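Peer 1: This is a predicted model, with the sequence first.
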Amino acid sequence: MIDRGKFNLLGVNIDAVDYEAAVLRIVRAAELPSALGVSALAVHGVMTGVLDRTHRHRLNQLELIVPDGQPVRWGLNWMHRTALRERVYGPELMLRVCGAAARQGLPVFLYGGTAKLLDHLQQVLCHRFPALQIAGVRPSQFRRLTNLEKQQVVDEVLASGARITFVGLGCPRQEVWAYEFKDALNMPVLAVGAAFAFHAGQLAQAPTWMQRLGLEWIYRLWREPLRLWKRYLLLNPMYAGLLMLQKVGLRRFDTGDTVPPAKEVLYG
């Protein structure tokens, strides 16, 4: 088990952990219970924090950010000698947490996506983990929530008896959601990105060999070029260039150089 703490990657604090350590921290927080904001960040997720000081503040207030993308893992190893042997892929982390939740009797809540997606996702998870208790689900409204609606969501999740909440709203909305809801829910809130769509069968994952070599972005770009071309063709080279500058000391990235949100942005 590896849990070496947080490290500065372009001003964003990323945890050098493996799956076992991440799942253990999530389960422990669910059992206490205590608030635990969790996100699995690939290059795009890191760069949202690099380019937006307010969002960087949110990310750095999350208790656990795992290296979802291979380039993020490579960056930790290169910059900080963390010797991580594998990334902590969001969709796989979700499955492992569901398995642990099933064994420990910890009910889960699914937030985000469409009602149809959530229906398929529930079927898949219950088939794979027969003992898993899905306490409730709520589809996204695909817009900002009012303060009243936020409280209604909090009340619904708490009343369900859930001990862990999974959020699939896409980056960066789901990280905003985790930041804004984790304390009110007082439980682990996991922003797991495309995991909902992957596991529900609505979106194909890259072949394992491409994931292992850090080429997943090519596969996703091929599948969704109009939506993802800016993310990969602009942000990936920028990430590599800035990482080089940080490594050689030509540019410093201060994790405290952030701007707290002046007003909540309640995505739902």
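Peer 2: Perfect, thanks for sending it.

Peer 1: Check the burial of the closest residue in space to residue 190 that isn't next to it in sequence by counting its neighbours.
Peer 2: Leaving aside its chain neighbours, residue 190 sits nearest to residue 38 (4.5 Å; criterion: Cβ to Cβ, 6 or more residues apart in numbering). C-betas here are computed from N, CA, C, even on glycine. For residue 38, the neighbour count with other Cβ atoms under 10 Å is 29.

Peer 1: counting contacts, what elements does whichever strand or helix holds residue 38 pack onto?
Peer 2: Under the criterion of DSSP states H and E, residue 38 resides in strand 36-41. The contact analysis (3 or more Cβ pairs under 8 Å, 6 or more residues apart in numbering; DSSP states H and E) places strand 36-41 against helix 19-31, helix 53-61, strand 64-67, helix 173-185, strand 188-191.

Peer 1: Try it again at 7 Å.
Peer 2: helix 19-31, strand 64-67, helix 173-185, strand 188-191 (3 or more Cβ pairs under 7 Å, 6 or more residues apart in numbering; DSSP states H and E).

Peer 1: The second one pairs with which strands, parallel or anti?
Peer 2: As defined by DSSP bridges, the strand partners of strand 64-67 come to strand 36-41 (parallel).

Peer 1: List the contacts of the strand it pairs with.
Peer 2: Strand 36-41 is contacted from outside by 14, 25-26, 29, 45, 61-66, 68, 72, 88-90, 93, 175, 178-179, 182, 188-193, using Cβ atoms under 7 Å, 6 or more residues apart in numbering.

Peer 1: And the buried ones among the residues you listed, selectable in PyMOL?
Peer 2: In PyMOL syntax, the buried subset of the contacts of strand 36-41 is picked out as below (16 or more other Cβ atoms under 10 Å):
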select buried, resi 14+25+26+29+45+62+63+64+65+66+68+72+88+89+90+93+175+178+179+182+188+189+190+191+192+193
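
Peer 1: mind listing the strands for this structure?
Peer 2: 3-9, 12-17, 36-41, 64-67, 108-111, 134-138, 164-167, 188-191 (DSSP state E).
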